[in-house]
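Student: sequence first, predicted model second:
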Amino acid sequence: MADPYKKLDTELQDQDGAKSPLVGQTRSSDDMIEELCRKKTWKFSLMILAMSLVWIGGPSSVYITSFAALTPSVNDTWRCVSEKCIGMMGNESRTSPFPCELTETDEDGNVDLMFGPQDIEWPDMEHTSFAVEFDLYCDVGSRKMKKTLISSMYFPGALIGLMIGGYLFDNVGRRTTAGVSTFLSFLVHLSAVFCHDFNFLLAIRFGQGFLEFITTTSIIILQLEMVSNKYRNLINGFGGLFWALGYPIVSAIGYFIPSWNYMFVGSAVVGFITRLNIYFFLRESPRFYLIKRDVKSAKESFKFMESLTTADLDLDNIKLEDEDKTEDRTQNLGQQLKDLIRYPSLLKETLLVTFLWFCIAMFFYGFNFGWGEIVPDLYIGYVVSGCGESIAFFVVVPLIQKTGRRRAMMIMHMVASVIFLLAIPEVNIGGGWDLESICCLFGVTFVAGCFTGIYLMTGEVAPTSHRGFMYGVGSGAARVGSFLGPYIFNNLKPVTHRAVPFGGLALFSFMCAVAAFLLVETGDKEMICVAEDVENRRKGYRYRL
């Protein structure tokens, strides 16, 4: 691949061979970003890297319910506290019979527990749990499904949030949207202190998902738009690495905070602290201003970025090429939908990206909400998952750099497909581990790599006019997959043959490899501006393995 700076360096030389600013010339946004990145200082690098901090708070927001819903074991002591229970069982502490074994049948034949949370207490449990408080720890009636619903409710919220976020990213702005959603997310997390109702907790989880993914998605768009092609793979990979660092944090919150209500407060603090830079150190993307035909604000944003580098662009005397592309275009949702009809390549790539998002999230969150079922210790499961995803950073970033975006995605999905198939045989290894748990620990590494890849490809496949839209639709579809994933791992496997969920996931992973093949390679191309550029990019394009 040709050095993207060689051409620019040549054009920046005057007749004596000395460097000169881009005076009186027409330049694309990519040219400007490349020049700024080429002459970056530590301040510019710090600004870009600081944006990756938003990902650290992600795991504590998503997975906090895994630690806030610890269930008592058959070895835990319990005792009666209500008159009904004491009258039937006495008031001495006991481990047997386990309360889940004490059931009664009503006149309609429905089986229910004999005692509820108001009847018994668990003196040996070191942590409070909403599973105990809301009577969700026994697999009687719909209790297990309701417990899974609390975890999964995060994703319908994220789905609705991203549908709205897709509009906000492209019409209100990336940074403005992130700032508002971060503050509201902080308040929603804090409200869990007052939660002692199942439906209230469902509403909190919906709100968490609604706001959390608006924040992270707006920042990844902003981040990718402010760095050159040379650095996008690395910067995108740092997002995955910082997300992985969030796993030991959420494990620590769950381990050291005894109250499930205050676990949410810990999550709120982590999320807010790691996102303070949104309010103090960021500016809006100049690409967003250009698509809104606000050239003055775009140049102001470029000037802010220039102040963090040694570049001398003389922006007042440069005409931005993107001005001509957006001159007759009004940026709104109606125009974006018309573009999907008018430009078939844009529609095709949007659908392919959406399918990939859906499947990858189904794999990823199925693993990460199922560690309590997959490995013998919940805390170890999440820490090891974080290690696996950290390893993914050191594997995926060089793989993408070496093979390209498409090929890397194809390789990772094919490997994940094989791992799913290997997990089908029931082989006990010992110490509570089996072949399934080992395969899943390896599998989550490659699935995390796929997540890193799809975040990068979406930002590069989509034009600036539809970048927020494509992230909103694609990541929104991922929330549907996120909702289904925990059910597949936790609920489908026990009622079918173990080959059904893993075989199905292997098939979907193979289909993802095919979908990645059908996308264009973007690693050697500029970040495009409008829908017409997508069609032009496809002209003469040939599929190659």
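Tutor: Perfect, thanks for sending it.
Student: where does pLDDT dip in the chain?
Tutor: For the chain, the stretches with pLDDT under 70 are 1-24, 326-329, 366-377, 430-434, 486, 489-494.
Student: nearest spatial neighbour of residue 388, skipping sequence neighbours?
Tutor: Among residues not flanking residue 388 along the chain, residue 445 sits closest, at 4.1 Å (C-beta to C-beta, 6 or more residues apart in numbering). To be clear about C-beta, it is placed using only N, CA and C from the backbone, and glycine gets the same treatment.
Student: cool, and residue 231?
Tutor: Per C-beta to C-beta, 6+ apart, closest to residue 231 is residue 37, 6.0 Å.
Student: which strands or helices does whichever strand or helix holds that neighbour pack on?
Tutor: Per DSSP states H and E, residue 37 falls inside helix 29-38. Secondary-structure packing of helix 29-38 (3 or more C-beta pairs under 8 Å, 6 or more residues apart in numbering; DSSP states H and E): helix 4-11, helix 229-256, helix 286-291, helix 295-306.
Student: and with 6 Å instead?
Tutor: helix 4-11 (3 or more C-beta pairs under 6 Å, 6 or more residues apart in numbering; DSSP states H and E).
Student: right, and the helix or strand after the helix it packs on?
Tutor: Counting by DSSP H and E, what follows helix 4-11 is strand 26-27.
Student: contacting residues around that following strand?
Tutor: Applying C-beta atoms under 6 Å, 6 or more residues apart in numbering, the contact partners of strand 26-27 are 318, 319, 321.
Student: can you turn the buried part of those into a PyMOL selection?
Tutor: Buried residues within the contacts of strand 26-27, by 16 or more other C-beta atoms under 10 Å, are selected in PyMOL with:
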select buried, resi 318+321
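Student: pick out whichever of the contacts of strand 26-27 sits closest to residue 164.
Tutor: Nearest to residue 164, judged by C-beta to C-beta, of the contacts of strand 26-27 is residue 321 at 31.5 Å.
Student: I'd like to know how far the spatially closest residue to the closest one that is not a sequence neighbour sits from residue 126.
Tutor: Using C-beta to C-beta, 6+ apart and skipping the chain neighbours, the partner closest in space to residue 321 is residue 28 (4.3 Å). Going from residue 28 to residue 126 by C-beta to C-beta, to the nearest Å gives 59 Å.
Student: which one's more surrounded, these two?
Tutor: Taking neighbours as other C-beta atoms under 10 Å, residue 28 and residue 126 compare with residue 28 leading, 17 against 8.
Student: so how far is residue 322 from the more buried one?
Tutor: The gap separating residue 28 from residue 322 is 6 Å, by C-beta to C-beta.
Student: follow-up on the earlier one: what's the closest of the contacts of strand 26-27 to residue 97?
Tutor: Within the contacts of strand 26-27, proximity to residue 97 (C-beta to C-beta) peaks at residue 321, which comes in at 75.5 Å.
Student: is it true that that closest one touches residue 29?
Tutor: No. Using C-beta atoms under 6 Å, residue 321 is not in contact with residue 29; the gap is 7.5 Å.
Student: center of this structure, which residue is that?
Tutor: residue 213 (6.9 Å; C-alpha atoms, centre = their mean).
Student: for the helix or strand hosting it, packing partners?
Tutor: Assessed by DSSP H and E, residue 213 sits inside helix 198-225. On a contact count with 3+ C-beta pairs under 6 Å, 6+ apart, helix 198-225 meets helix 154-171, helix 174-190, helix 467-487.
Student: residues contacting the second one, please?
Tutor: Same thing as helix 174-190. Outside helix 174-190, the residues that touch it by C-beta under 6 Å, 6+ apart are 168-169, 207-208, 211-212, 214-215, 218-219, 221-222, 264, 267-268, 272, 275, 278-279, 282, 284-285, 288.
Student: list the buried residues of stretch 509-522.
Tutor: So stretch 509-522, judged by 16+ other C-beta under 10 Å, has buried residues 509, 510, 512, 513, 515, 516, 517, 519, 520, 521, 522.
Student: mind listing what the fifth one touches?
Tutor: This means residue 515. 352, 355, 356.
Student: which ones are touching the last one?
Tutor: In other words, residue 356. Taking C-beta under 6 Å, 6+ apart, we find residue 356 in contact with 454, 512, 515.
Student: for it, give its distance to residue 451.
Tutor: For residue 356, the distance to residue 451 - C-beta to C-beta - is 10 Å.
Student: tell me who's in contact with the closest residue to residue 219 other than its chain neighbours.
Tutor: Excluding its sequence neighbours, the residue lying closest to residue 219 (C-beta to C-beta, 6+ apart) is residue 54, at 4.8 Å. Residue 54 sits next to 216, 219, 275 when contact means C-beta under 6 Å, 6+ apart.
Student: residue 52 too?
Tutor: So residue 52 contacts 238, 239, 242 (C-beta under 6 Å, 6+ apart).
Student: the residue nearest to the last one when sequence neighbours are not counted and residue 158: what is the separation?
Tutor: So the one you mean is residue 242. Among residues not flanking residue 242 along the chain, residue 55 sits closest, at 4.2 Å (C-beta to C-beta, 6+ apart). Distance, residue 55 to residue 158, using C-beta to C-beta: 15 Å.
Student: which stretches of the stretch 401-545 of the chain form helices?
Tutor: 405-422, 435-461, 467-487, 493-495, 499-518, 531-538 (DSSP state H, counting those that start in this stretch).
Student: closest one to residue 365 among those?
Tutor: Shortest distance between residue 365 and the helices of the stretch 401-545 of the chain, using C-beta to C-beta, is found for helix 467-487: 4.2 Å.
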